[in-house]
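In: Everything below, folded, please.
(one chain, ligands or ions: 2)
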Amino acid sequence: MINSFQAGDVLQLTMSINLRIEKVSRIYDVGGRKLTALHDVSLAATPGQVVALRGRSGSGKTTLLNCIGGLDRPSNGRIWLDQEEITGMSERRLVQLRRRRIGFVFQSHALLPTYSARENVDLMLRLVNMPRRERLARAAETLQLVGLGKWLDHRPFELSGGQQQRVAIARAIATHPAIILADEPTGELDSATGRQILQLFRQIADEQGATILIATHDPTVDAFADEVVQLVDGRIHL
Ligand code: ADP
Ligand code: MG
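Out: Residues are numbered from 1 along each chain as shown. Ligands and ions are numbered 1, 2, ... in the order given. Next comes the predicted model:
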């Protein structure tokens, strides 16, 4: 049988995902007092879309990303990635899903300081048991994609803030996740560097078909997003 698929094609096919969130609420119990961090939030995102989740500090952005990424569970409501409902999924399934289909980028990029850019990316590929040869190639290829082809062997302290955030993005996208969740990814960057990072997310959505959610209080994101969702006190502001 002729295998006409390259490994890359297959991974490319798995990139696309439809995200659907229906009436999600998250109620925290703070010392016996109920705090509603999210209230009946519904939204949808399709492959190749960049959705900006905007809102002030405390509006529920991180809580929502954590629920979508399976790091937290909603108190009510349902979340689907394509046909798979992640609300109600076992912890074991969620771990698999997180590793293979979801990429996280945080404000503080949390790179390992004694590891090179390539080694930081490689760690994620190890988690999905990619063979070593493939890992080396994939890490280099991904770092090239984010503009760090010449910095493969540099460690975080040898890189600028913007370059470090690019490594964090490379780490998040190296497994070709279908959905990328970025929490204040430009929070520690100057505005010009922040715009470059937002442009990079735009490019990843356009070229790889990933579904990208960016939580931020920064209005700069609007120009790079297909849709801007405003959260006010845990509710979507229409
Ligand atoms: P944002 O990311 O927009 O700043 P968060 O999702 O972090 O907002 O927080 C939304 C609300 O939920 C805030 O009032 C916050 O204090 C509260 N909150 C967040 N995480 C917790 C938690 N683990 N326990 C209790 N309250 C929390
Ligand atoms: Mg937050």
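
In: Show me what from this protein comes close to ligand 2.
Out: 61-62 (C-beta under 5 Å from the ion). Using the backbone N, CA and C atoms, a C-beta is placed for each residue, glycine as well.

In: try 6 Å this time
Out: For the chain, the residues in contact with ligand 2 (C-beta under 6 Å from the ion) are 61-62, 183.

In: Neighbour-wise, give me the winner out of the residues you listed.
Out: residue 61 (25 neighbours; other C-beta atoms under 10 Å).

In: these two touch, right, it and residue 214?
Out: No. Using C-beta atoms under 8 Å, residue 61 makes no contact with residue 214, being 9.5 Å away.

In: shared neighbours of those two, which are they?
Out: Common contacts of residue 61 and residue 214, defined by C-beta atoms under 8 Å, 6 or more residues apart in numbering, comprise residue 53.

In: May I see the residues of the chain next to ligand 2 arranged in JSON lines, with secondary structure and distance to residue 147 as well?
Out: As requested, the residues of the chain next to ligand 2 are exported to JSON lines (DSSP: H, G, I helix; E, B strand; the rest coil; distance: C-beta to C-beta, whole Å):
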{"residue": "61", "secondary structure": "helix", "distance to residue 147": "27"}
{"residue": "62", "secondary structure": "helix", "distance to residue 147": "27"}
{"residue": "183", "secondary structure": "strand", "distance to residue 147": "22"}
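
In: Excluding chain neighbours, what is closest to the residue of the chain found nearest ligand 2?
Out: Here the chain gets closest to ligand 2 at one residue, residue 62, 3.2 Å apart by C-beta to the ion. With sequence-adjacent residues excluded and distances taken as C-beta to C-beta, 6 or more residues apart in numbering, residue 62 is closest to residue 183, at 5.7 Å.

In: contacting residues for the one you found?
Out: Counting by C-beta under 8 Å, 6+ apart, residue 183 makes contact with 61-62, 65, 104-107, 215.

In: Could you tell me which of these are located in helices?
Out: Of the contacts of residue 183, the ones assigned to helices by DSSP state H are 61-62, 65.

In: Longest helix in this protein, by number of residues?
Out: Longest helix in the chain, counting by DSSP H: helix 191-208.

In: Which positions in that one come out as buried?
Out: 193-195, 197-198, 200-202, 204-205, 208 (16 or more other C-beta atoms under 10 Å).

In: Quick one: neighbours of the closest residue in space to residue 157 that isn't next to it in sequence, just the number.
Out: Residue nearest to residue 157 in three dimensions, not counting chain neighbours: residue 113, with 6.4 Å by C-beta to C-beta, 6+ apart. If you count neighbours by other C-beta under 10 Å, residue 113 ends up with 8.

In: Now do the same contact list for residue 113.
Out: Taking C-beta under 8 Å, 6+ apart as the test, what residue 113 contacts is 155-157.

In: now do residue 122
Out: Neighbours of residue 122 in contact, by C-beta under 8 Å, 6+ apart: 135-136, 139.

In: and this structure, which residues reach ligand 1?
Out: 28, 30, 35, 37, 55, 57-63 (C-beta under 6 Å from any ligand atom).
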